[in-house]
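> Give me the fold of what follows.
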Amino acid sequence: MRQLRFLFALVGLPFVIPLQATELRPIILDPSYEHDKFETQPQDQMRAFRAYTSSFDGADDDDGDGEGDAWGIPEWVSYEIREAPGGVPSAFEDRPSPWMHDQELVDAGLCPTDDSYRNSGYERGHMCQREIARRLGQDADWNSHTLINACPQHPDMNGGVWFGLERMTSAWADRYGSVWVICGPVIYGWKPKEQIGDIGEMPVAVPDAFYKIVVKETEGGGVDVLAFLVPQHGVANFSSSKHPLIPYLTSVDTIEALTGLDFLTNVAGAEELERVSEIELWPTVVASPLVGPLNFAPTFAPADGSPLMEHAIPQEHVPAAAVPSFASAPPFTFPSVSAAPAFAISPSQSLQNGSASILSIRAATFAPAPPVVIVPAPCCQPCPPPRRQTRFFGFGRR
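Predicted coordinates for the structure are as follows:
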């Protein structure tokens, strides 16, 4: 039993009201689902749920300083989404409060309790969205509200572009029958710049960005892949769930270099797939039973008619393994890819993360081994962090 402590003045003495902790519902796995079909590596503290599989961060040395680190968040969460079945209600019961945790990992000092998130200004951001889990039933929906499936997310981003991306993956599942998603946090340089949690609570790392890799199978037995990188903080339109998703497209190679993870390990020809950064989204249905009308067409149009793609990687953290070294004198070229787009990289004043510069990438002509020109981007003022809620004698908004 977990105690939520409230102070009351009763004859001048405080007392404690114990509340029953919320608990997981029965986890009944569906063997026909392959949530980790493409075998993401490495695997850390593994937990299997009906709607998703989670690899939670253990006490490994994330930042290379010789000491173990426990970030209190999953390293990756993967799940298969299938076409929405008929008769699934648009909503079930209210979500559990407080959010649930894994007591074994809490006892090991690896997983926080809900207290670490309370009044932090950050939301408990689903990696596997509850609406997606709901396709597998009421208990699957309920069990998505565990910190094994959550990271601290800025409210605007969580309810904005991240929510829009979640809706889009559902829409793709409705069109193609099924898609697979691998998503999780990105911490630049493997050193958290911010943590939440008060004294006596486990500190939880606040990610700089989040990645989402979406995979669908093709008729020829291969796979198509889209990779997204979404900054945690940025311009105001992050708060719009209809904000265009094209600006956040990147390559799987880039995500691997930023996270140290290895994706698509059992896919033939994965090296070629992982190198490519797509420049358009897959078609989707106009509406989905659980998604509603979708409109993610770009709202900007450069003078030359080409789409503008603001690539959400701070320049100081662009990995050499994914993109040619910025120490090289421009111009230089990307690895040769058949029908690869030529890019001109120029400064952008949007998509800022602290003082880090962000690259704007404009798709231009198509040719093998396209030329690349790097122009140093000026810094602008960083966006303020979310306002922390103040506790007053144990009270405060959860």
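> Low-confidence ranges, the stretch 101-250 of the chain, go.
235-237 (pLDDT under 70).
> Which parts of it are strands?
Secondary structure of the stretch 101-250 of the chain (DSSP state E, counting those that start in this stretch): strands at 123-126, 150-153, 178-186, 195-196, 204-205, 209-217, 223-231, 249-250.
> which one of these lies closest to residue 168?
Ranking the strands of the stretch 101-250 of the chain by proximity to residue 168 (Cβ to Cβ) places strand 209-217 first, at 8.4 Å. In short, each C-beta sits where N, CA and C put it, glycine included.
> Report the angle between the closest one and strand 223-231.
If you take axes from the mean of the first three to the mean of the last three Cα atoms, to 10 degrees, strand 209-217 sits at 170 degrees to strand 223-231.
> which outside residues touch strand 209-217?
37-38, 125, 151, 153, 162, 165, 169, 172, 176, 178-186, 188, 223-232, 252, 255, 258-259, 263-264, 282, 312, 353 (Cβ atoms under 8 Å, 6 or more residues apart in numbering).
> So the closest residue to residue 240 other than its chain neighbours versus residue 204, what's the distance?
Leaving out its chain neighbours, the residue that sits closest to residue 240 by Cβ to Cβ, 6 or more residues apart in numbering is residue 160, at 5.4 Å. Here residue 160 is placed at a distance of 21 Å from residue 204 (Cβ to Cβ, to the nearest Å).
> Ok, residue 97 next?
18 Å.
> Likewise for residue 222?
39 Å.
> Looking only at neighbour counts, state which of the two leads.
Neighbours were counted for residue 222 and for residue 204 using other Cβ atoms under 10 Å; residue 204 has more, 26 against 12.
> now that one, which residues is it bridged with?
Note on residue 204: beta-bridge partners by DSSP bridges are residue 196.
> Could you list which residues are in contact with it?
71-73, 112, 116-117, 152, 195-197.
> Helix or strand for residue 54, just tell me which one.
strand 53-56 (DSSP states H and E).
> Restrict stretch 113-125 to CA atoms and write it as PDB.
Only the C-alpha atoms of stretch 113-125 are listed here, as PDB (Å, rounded to 0.1, in the frame of the first residue of the first chain):
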ATOM      1  CA  THR A 113       7.300   6.100  -8.400                       C
ATOM      2  CA  ASP A 114       4.700   8.600  -9.400                       C
ATOM      3  CA  ASP A 115       6.000  11.000  -6.800                       C
ATOM      4  CA  SER A 116       9.000  11.900  -9.000                       C
ATOM      5  CA  TYR A 117       6.600  13.300 -11.700                       C
ATOM      6  CA  ARG A 118       4.200  15.100  -9.400                       C
ATOM      7  CA  ASN A 119       4.200  18.800  -9.700                       C
ATOM      8  CA  SER A 120       7.400  18.700 -11.900                       C
ATOM      9  CA  GLY A 121       5.900  20.600 -14.800                       C
ATOM     10  CA  TYR A 122       6.400  17.600 -17.000                       C
ATOM     11  CA  GLU A 123       3.800  15.100 -18.000                       C
ATOM     12  CA  ARG A 124       4.100  11.300 -17.900                       C
ATOM     13  CA  GLY A 125       4.400  10.900 -21.600                       C
END
